[in-house]
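S.K.: One predicted model, sequence on top.
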Amino acid sequence: YRVPVRTQAGQAREIISLAVPAFLALVAEPLFLLVDSAIVGHLGTPQLAGLGVAGSVLGTAAGVFVFLAYGTTASVARALGAGADDKVVAAGVDGTVLAIGLGTVVGVLVGFGAEWLCAALGGTGEVLVQAVIYLRISAIGLPAMLTMMAITGALRGVQDTRTPLVVSLIGFPLNAVLNLALVYGLGWGIAGSAWGTVATQYAMAVALVAVWLVRVRRAGMAVRLHPAGVLSAAVNGVPLIVRTLALRAILLLTTWVAARLGEVTLAAHQVAFTVWTLLAFALDALAIAGQALTGKGLGAADVAGVREATRLMVRWGVAGGAAVGLAVGLAGPLVAPLFSSDPAVRTAVVAALIVVGVGQPIAGYVFVLDGVLIGAGDVRYLACAARSWCQAHTLPRTLQDLQGAPIITSGAVGRQLRLSAYQGSARHEVLLEPTLISEHFPFLRSAILAGLGVGLVPDYVVQAEVASGEVLTTLDEWRLSIFGT
């Protein structure tokens with residue numbers, strides 16, 4: 001069984017169908033902040049600078065857990081490609097439960113530590129007062145923010161980027177209307193902006209959860225909590241947390257430096273940082289497509305298709321970054337007046353946006369590769385066989401034993417399979433003659449369960465069967481890979 005070969009034109013259409021809705025949905029959150037900046041900016045420079053400090057803290061608190069979206073996309077997409085519908089549903093539910101729990105804990109910590117956090121970023125005087133007001137209220141919305149991440153990631157994993165787009169298209173005008181009504185209509189000031197955004201976030205989170213539940217029930221599956229799955233999602237997210245913390249540390253450092261240089265610089269930094277965030281999310285649309293397509297492709301053993309799609313997305317990322325960067329650099333004088341009436345702030349914003357524009361081509365390249373690598377995940381290959389096969393045969397105990405066993409795996413028909421095995425710093429290779437080869441993992445799983453031989457497949461293909469004891473594994477002390485062919 002072979003996965004149908006797709007042409008480059010077909011891949012391009014698939015990338016666009018995922019990336020365009022993802023782009024429009026991704027920019028929703030920075031657009032919320034842009035609306036907040038535009039509305040709050042006309043309250044005064046201290047309010048805008050305070051929003052900048054609070055926004056940096058809030059962005060970091062939520063951004064650290066971006067693995068809820070990225071990790072869920074990858075795991076759901078791989079399960080989808082492998083035909084494991086039960087794992088698709090479980091990954092979405094586990095990610096959502098983890099998001100609610102983490103959002104609640106972090107929201108409480110940020111709310112109580114708001115003054116200390118804002119002061120640590122250089123907020124003083126009236127700027128600190130405004131920042132604390134905004135941050136304490138916005139912390140209430142963190143559970144909703146993280147829930148949206150998890151559900152959006154699950155929907156991307158099933159190749160659905162349109163639903164998050166529809167929810168965002170409804171949420172954006174709702175956010176703008178609420179902010180205007182609360183800030184100016186009721187005279188709540190910066191607090192009104194925070195409350196309007198929080199209300200919108202919860203409305204969007206409820207809508208996304210409802211959509212996922214409908215999808216689950218249409219598939220005829222029950223929603224069950226899997227504590228082990230929630231724990232696994234948390235553990236698997238650790239590398240992405242470290243990655244995100246490193247990135248966020250640099251961004252926080254820029255806010256700290258801007259705060260040391262005064263209100264004008266900090267206010268201009270807030271505008272530039274918001275625009276930079278908007279562009280980052282826009283370029284990240286290709287990364288989202290990369291996550292979804294890479295996960296699904298590798299789940300179906302379509303390695304060649306994944307490589308071709310990656311090359312195409314890298315070209316698009318660099319070209320798109322260059323185009324966007326040029327537009328931002330030229331648009332500075334038109335953008336600055338939208339956010340401040342202070343001439344000094346406007347001048348600083350124009351200069352900052354030129355710097356933002358210069359870095360966009362590199363950003364386009366980096367974001368695409370980031371998405372592809374996250375989609376690929378850290379997959380472990382297993383040597384395994386059905387319990388029924390093990391009762392009639394001897395399960396291989398050494399790498400050399402595999403050479404005499406009927407091997408079930410993916411690979412090139414008519415060619416030997418080079419199995420790479422790692423143990424600590426040692427690396428060994430074994431040449432195998434597979435008995436059954438397919439590029440379709442669901443078919444390979446069926447062959448293993450039918451007792452046709454020893455499987456060499458990714459762990460997620462037979463995860464449930466291994467847990468139930470239906471499939472036994474061997475050579476667990478080795479890290480196996482078949483990509484050395």
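M.R.: Alright, I've got the coordinates.

S.K.: can you map out the strands along this protein?
M.R.: Shown for the chain, the strands assigned by DSSP state E span residues 381-386, 407-409, 417-423, 426-432, 436-437, 454-458, 471-474, 479-481.

S.K.: Those into JSON lines, with extra columns for distance to residue 254, mean neighbour count and mean pLDDT?
M.R.: Where you see a C-beta, it was placed from the backbone N, CA and C, and this is true even at glycine. Formatted as JSON lines, those follow (distance: least, C-beta to C-beta, whole Å; neighbours: other C-beta atoms under 10 Å; pLDDT from 0 to 100):
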{"stretch": "strand 381-386", "distance to residue 254": "42", "mean neighbour count": "23", "mean pLDDT": "89"}
{"stretch": "strand 407-409", "distance to residue 254": "48", "mean neighbour count": "24", "mean pLDDT": "89"}
{"stretch": "strand 417-423", "distance to residue 254": "40", "mean neighbour count": "18", "mean pLDDT": "83"}
{"stretch": "strand 426-432", "distance to residue 254": "42", "mean neighbour count": "13", "mean pLDDT": "85"}
{"stretch": "strand 436-437", "distance to residue 254": "52", "mean neighbour count": "17", "mean pLDDT": "86"}
{"stretch": "strand 454-458", "distance to residue 254": "40", "mean neighbour count": "25", "mean pLDDT": "87"}
{"stretch": "strand 471-474", "distance to residue 254": "48", "mean neighbour count": "18", "mean pLDDT": "90"}
{"stretch": "strand 479-481", "distance to residue 254": "39", "mean neighbour count": "17", "mean pLDDT": "81"}
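
S.K.: tell me the mean pLDDT for stretch 22-29?
M.R.: The average pLDDT within stretch 22-29 is 69.

S.K.: Over to stretch 349-360?
M.R.: Here the average pLDDT along stretch 349-360 is 88.

S.K.: Can you show me the CA trace of that stretch as PDB?
M.R.: Only the C-alpha atoms of stretch 349-360 are listed here, as PDB (Å, rounded to 0.1, in the frame of the first residue of the first chain):
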ATOM      1  CA  VAL A 349       8.100  54.500  16.400                       C
ATOM      2  CA  VAL A 350       9.200  55.300  12.900                       C
ATOM      3  CA  ALA A 351      12.800  54.400  13.600                       C
ATOM      4  CA  ALA A 352      11.800  51.200  15.500                       C
ATOM      5  CA  LEU A 353       9.700  49.900  12.700                       C
ATOM      6  CA  ILE A 354      12.600  50.200  10.200                       C
ATOM      7  CA  VAL A 355      14.500  47.800  12.500                       C
ATOM      8  CA  VAL A 356      11.500  45.500  12.700                       C
ATOM      9  CA  GLY A 357      11.200  45.400   8.900                       C
ATOM     10  CA  VAL A 358      14.900  44.500   8.300                       C
ATOM     11  CA  GLY A 359      14.600  41.300  10.400                       C
ATOM     12  CA  GLN A 360      11.500  39.800   8.600                       C
END
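
S.K.: Tally up the residues packed near residue 434, please.
M.R.: With neighbours defined by other C-beta atoms under 10 Å, the count for residue 434 comes to 22.

S.K.: For it, give me phi and psi.
M.R.: Main-chain dihedrals, residue 434, degrees, to the nearest 10: phi -60, psi 140.

S.K.: Please determine how far it is located from residue 259.
M.R.: For residue 434, the distance to residue 259 equals 61 Å [C-beta to C-beta, to the nearest Å].

S.K.: for the strands of the chain, which one sits closest to residue 72?
M.R.: Of all the strands of the chain, strand 454-458 sits nearest to residue 72, with 17.6 Å by C-beta to C-beta.
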